[in-house]
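Trainee: Mind looking at a prediction? Sequence and model below.
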Amino acid sequence: LLKGPVPATIYTRLGSWQNYDKDPSAWEKVATVDVNCKGYGTPTIISIASPIWVESGSTRAFYLTFDEPELLYHYSDEYPSGSVYAEDSAIQIMTGVGKAAHF
């Protein structure tokens, strides 16, 4: 399990991740950052230097990848892929998918 600072690369694309999770040319690299992994069961916050704008009414996907093979993805029956994880009057955050490799 990962704990401590680990380099992560963040990508984004306008639109959904679906049908693009295996196509690196469909993604724009946003940043490579050190993430202070907290360990199993503790949420980890990832910060980047510049904001990523999500226009009203649009969909924006994010792809986060670590170079370390020991990354543990958490799957929840409560929030299967494509379900709403959190929302307010301005935005919905939806779940995606965990992958075992880059693209």
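Mentor: That came in fine, so what should we check first? As the structure is a computational prediction, the values presented were derived from the model and not from experiment.
Trainee: Okay, and the residue located most distally from the centre of the chain sits in which element?
Mentor: Ranking residues of the chain by C-alpha distance from their mean position (C-alpha atoms, centre = their mean) puts Ser89 at the top, at 21.8 Å. Using DSSP states H and E, Ser89 sits within no helix or strand.
Trainee: Need the pLDDT of it.
Mentor: With respect to pLDDT, Ser89 scores 90.
Trainee: For it, give me phi and psi.
Mentor: Dihedral angles of Ser89 (phi, psi; degrees, to the nearest 10) stand at phi -70, psi -10.
Trainee: start at 44 instead
Mentor: Okay, using 44 as the starting number, the last item reads as Ser132.
Trainee: How much space separates it from Gly100?
Mentor: Noted for Ser132: a distance of 13 Å to Gly100, by C-beta to C-beta, to the nearest Å. The C-beta positions use only the backbone N, C-alpha and C, and glycine is treated the same way.
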